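[1] Let's see this in three dimensions:
(chains A and B)
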Amino acid sequence: AQTVTQSQPEMSVQEAETVTLSCTYDTSENNYYLFWYKQPPSRQMILVIRQEAYKQQNATENRFSVNFQKAAKSFSLKISDSQLGDTAMYFCAFMKPSGNTPLVFGKGTRLSVIA
Amino acid sequence: DSGVTQTPKHLITATGQRVTLRCSPRSGDLSVYWYQQSLDQGLQFLIQYYNGEERAKGNILERFSAQQFPDLHSELNLSSLELGDSALYFCASSVRQPTDTQYFGPGTRLTVL
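    Sure, this is the predicted structure:
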C-alpha cells in the first residue's frame, strides 16, 4: 500500500519570504500522480499543484513550484513571496494511475505566514 | 469555488441517529469520491462511485453507505451514529478519466452529541 509522509507538522515563514514543505512517499508503482492541496481556515480543500511521475519537468503554478525527485520518492512544495493568504494546512497526496483509485494523503503541514 | 456542492454545511445530531449527506459533482464529472477528515485519522477515503456504480471502497464502516443517482449526485448515509463519527466529510469529483484531478466540495461538518 502507498504511504505519504509529511515530516513537518508545523512551519512558519515571514511574509514575502520563501518556504519549502517536504513530502516523501512510498510506492512500487512506476507511474503515478502527486498533488499538493491547501486547506485554509475555511476548511475548503483547494488544489495547489499536480505532478505526473512520467514528466521530468517540475510543475509550477505562479508562486508555487515543486521539486520532484522520483528516485528519492520526494515531492516538496516551494512557496515563493509568501503571502498572508497562504496560511493554511498543506496536504501532499498520491494517486495511482490505474483508474478508480482514491487519493492517499499525508498528515499535513500547518503553515503560518507572519506579517 | 470548485463547482462541487455539498449540503448541509453543518449537521448536529445525537448518538444512534441517521443522517444523509448530499453531494453534487462538477458539471460533466462522472466520478464521485467521499472522504472523512477527523483529528485522529486525518483524511481517509471512504468510497467512490463512477457513473452510478460503486468502483472502490476504503475504510468505510458497515453503518455507512452511499449511492450515486442517475443525475450523478451522490448521497452518503451514516446510521447508528457514534461520537467518533464526528468529522468533516468531503465529496470530490473528477472528469471522465478516473485518474484525473479530484476537486473537492466545501465539506459537511458532522457533530454527534
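[2] does B:Val32 really touch B:Gln48, like I thought?
    Yes. The criterion here is CB atoms under 8 Å, and B:Val32 meets it with B:Gln48 at 6.9 Å. Heads up, the C-betas are built off the backbone N, CA and C, glycines and all.
[3] ok, the two, which is more surrounded?
    When neighbours are counted by other CB atoms under 10 Å in any protein chain shown, B:Val32 and B:Gln48 differ, and B:Val32 comes out ahead with 31 against 26.
[4] list the contacts for the more buried one?
    B:23, B:25, B:48-50, B:68, B:72, B:74, B:91-93 (CB atoms under 8 Å, 6 or more residues apart in numbering or on different chains).
[5] which strands and helices sit next to the helix or strand hosting A:Val66?
    Following DSSP states H and E, one finds A:Val66 within strand A:64-69. The contact analysis (3 or more CB pairs under 8 Å, 6 or more residues apart in numbering or on different chains; DSSP states H and E) places strand A:64-69 against strand A:33-39, strand A:46-52, strand A:74-79.
[6] pLDDT weak spots in chain B?
    Applying pLDDT under 70 to chain B flags residues B:96-99.
[7] Spatially nearest residue to the residue nearest to the spatial centre of it (excluding sequence neighbours)?
    When chain B is reduced to its mean C-alpha position, the nearest residue by CA atoms, centre = their mean turns out to be B:Trp34, at 3.3 Å. Nearest non-adjacent residue to B:Trp34, counting by CB to CB, 6 or more residues apart in numbering or on different chains: B:Leu46, 4.3 Å away.
[8] show me what contacts that neighbour?
    Neighbour list for B:Leu46: B:33-36, B:57-60, B:64, B:66, B:76 [criterion: CB under 8 Å, 6+ apart].
[9] How is it classified with respect to secondary structure?
    Here B:Leu46 is recorded as strand under DSSP: H, G, I helix; E, B strand; the rest coil.
[10] The nearest residue to B:Asp85 once chain neighbours are set aside and chain A: what is the separation?
    Among residues not flanking B:Asp85 along the chain, B:Val112 sits closest, at 5.3 Å (CB to CB, 6+ apart). To chain A, B:Val112 is 18 Å away according to CB to the nearest CB, to the nearest Å.
[11] burial measure for B:Val112, as a count.
    If we define neighbours as other CB under 10 Å, then B:Val112 has 19 of them.
[12] same deal with B:Arg26?
    17.
[13] Confirm for me that it is in contact with B:Ser2.
    Yes. Counting by CB under 8 Å, a contact exists between B:Arg26 and B:Ser2, whose distance comes to 7.0 Å.
[14] Please identify every residue contacting each of the two.
    Joint contacts of B:Arg26 and B:Ser2 (CB under 8 Å, 6+ apart) are B:Tyr103.
[15] Which pLDDT does the model give the residue nearest to A:Ala59 when sequence neighbours are not counted?
    The shortest distance from A:Ala59 to any non-neighbouring residue, by CB to CB, 6+ apart, is to A:Gln51 (4.6 Å). Note on A:Gln51: pLDDT of 94.
[16] Those residues of chain B touching chain A, which are they?
    B:2, B:31, B:33, B:35, B:42-45, B:48, B:50, B:55-56, B:58, B:88, B:90, B:92, B:97-99, B:101-104, B:106-107, B:109 (CB under 8 Å from any CB of the partner chain).
[17] And the residues you listed, which of them are buried?
    B:2, B:31, B:33, B:35, B:43-45, B:48, B:50, B:55-56, B:88, B:90, B:92, B:98-99, B:102-104, B:106-107, B:109 (16 or more other CB atoms under 10 Å in any protein chain shown).
[18] Thanks a lot, catch you later.
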